[in-house]
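Asker: coordinates only, sequence not included:
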Ligand SMILES: [Zn+2]
């Protein structure tokens, strides 16, 4: 399988357009046309992970954290990041990162954390806002089906678990072509009235230009009449953090013990513990403390995340307990998540590509 095909598989799950503007995701090192037979998955690239990739003869490393984040002014062996890029390039090992796009994906970083904790009814804590638009296009009736299909394939019409979502209303369109026009229906220099359909489909704002280009290619008219309207409806497909419930409330002490066991950690930094039992839990893998108020609004008993600054603990509502379990600890499951996702898709296609979990990756933080 070639790298660009694998990227398509990953980005169907975690599209690049959902990543934050300032993030740096996608293929960071390597040739997208290169064929791969072995892939290594790690949370991040370190010199040890690079050595492991060479020893285990992989052609591609997939990580959550991007190795390249700030502009790299030189790629030399004297700079720690440059040295890793250089070694990867010398050994023809490609590097791909899915970062904030994997944070906001269904079954991404936070969903996996919630599921590992045993939560039920897992959903987004904060659906992605201001990410959607609606395209309204006027098309002769016989072309509706092909236009809907082309737009859906380009990324329009996805609502939750449903694709090809559209709404169509019949009506009449009229036009008068000038002497320079070349109408595909009717004649120029004559007022035409044609049965048309008003076709409406929702679309990710970041994919708009692509969808509109495809729509114009398929549409039979020389001049396509269409509207693009930004809509405020939050996306049900992508969001930050996750929230869910235990089938029955768990005593607080038991819950804290449970979290430590699942995350394989001895330490949790908790705000004042008021509640006696835990039913609803909000989580955000990695640094998610900005979602604290969203967790409170969602009536979570606990908000579990990583990298919480001291002062944040002063502003915790009485209704919940804020827990910092560490960045690595709350993100660790995504490595196996990526492996499982790829293995599932690859086995369906009969591909023999091997996907390996890194054994050299380590939590950069140690506890004494
Ligand atoms: Zn992270």
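Answerer: Received it, and whenever you're ready, just let me know what you need. Please read these numbers as outputs of a predicted model, since none were measured by experiment. Numbering: from 1, shown residues only.

Asker: residue 58 belongs to a helix?
Answerer: No - assessed with DSSP: H, G, I helix; E, B strand; the rest coil, residue 58 is coil; it does not lie in a helix.

Asker: shouldn't it be in contact with residue 34?
Answerer: No - using Cβ atoms under 8 Å, residue 58 makes no contact with residue 34, being 11.9 Å away. In this view, the C-beta of every residue, glycine as well, is placed from N, C-alpha and C.

Asker: those two - which one has more neighbours?
Answerer: residue 58 (23 against 14; other Cβ atoms under 10 Å).

Asker: and that one, its phi and psi?
Answerer: phi -90, psi 160 (degrees, to the nearest 10).

Asker: state the distance from it to residue 111.
Answerer: Between residue 58 and residue 111 the computed distance is 27 Å (Cβ to Cβ, to the nearest Å).

Asker: repeat for residue 132
Answerer: Per Cβ to Cβ, residue 132 is found 20 Å from residue 111.

Asker: do residue 269 as well
Answerer: 23 Å.

Asker: kindly report the same for residue 173.
Answerer: 45 Å.

Asker: higher neighbour count, those two?
Answerer: Counting neighbours by other Cβ under 10 Å for residue 173 and for residue 111 shows that residue 111 has the greater number, 25 against 17.

Asker: which helix or strand contains the more buried one?
Answerer: Secondary-structure assignment from DSSP states H and E places residue 111 in helix 109-116.

Asker: and the angle for the very next helix or strand once past that helix with helix 109-116?
Answerer: Next helix or strand after helix 109-116 toward the C-terminus (DSSP H and E): strand 120-127. Following axes from the mean of the first three to the mean of the last three Cα atoms, to 10 degrees, one obtains 160 degrees for the angle between strand 120-127 and helix 109-116.

Asker: pull the distance from strand 120-127 to the chain's centre.
Answerer: 14 Å (Cα atoms, centre = their mean, to the nearest Å).

Asker: can you pull the phi/psi pair for the residue of the stretch 251-368 of the chain found nearest the ion?
Answerer: Residue nearest to the ion within the stretch 251-368 of the chain (Cβ to the ion): residue 286, separated by 3.5 Å. Residue 286 adopts backbone torsions of phi 80, psi -150, taken as degrees, to the nearest 10.

Asker: got the domain boundaries for the chain?
Answerer: Domain ranges of the chain: 3-102+333-357, 109-127+239-330, 132-231, per automatic domain parsing.

Asker: surely residue 155 and residue 205 touch.
Answerer: No - between residue 155 and residue 205 there is no contact under Cβ under 8 Å: 10.9 Å.

Asker: of these two, which one has the most company?
Answerer: residue 155 (19 against 14).

Asker: who's in contact with the closest residue to the more buried one other than its chain neighbours?
Answerer: Computed as Cβ to Cβ, 6 or more residues apart in numbering, the closest residue to residue 155 that is not its neighbour in sequence is residue 207, at 4.3 Å. Applying Cβ atoms under 8 Å, 6 or more residues apart in numbering to residue 207 gives the contacts 15, 17, 154, 155, 156.

Asker: up against the ion, what does the stretch 151-300 of the chain have?
Answerer: Neighbours of the ion within the stretch 151-300 of the chain, by Cβ under 5 Å from the ion: residue 286.

Asker: what are the ranges of the helices in the stretch 1-150 of the chain?
Answerer: For the stretch 1-150 of the chain, applying DSSP state H, counting those that start in this stretch gives helices covering 3-13, 47-55, 80-90, 100-103, 109-116, 144-153.

Asker: can you redo those as a markdown table with mean pLDDT and distance to residue 238?
Answerer: Listed next are the helices of the stretch 1-150 of the chain as a markdown table, based on pLDDT from 0 to 100; distance: least, Cβ to Cβ, whole Å:
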| stretch | mean pLDDT | distance to residue 238 |
| --- | --- | --- |
| helix 3-13 | 92 | 11 |
| helix 47-55 | 97 | 28 |
| helix 80-90 | 95 | 29 |
| helix 100-103 | 95 | 8 |
| helix 109-116 | 97 | 11 |
| helix 144-153 | 96 | 18 |
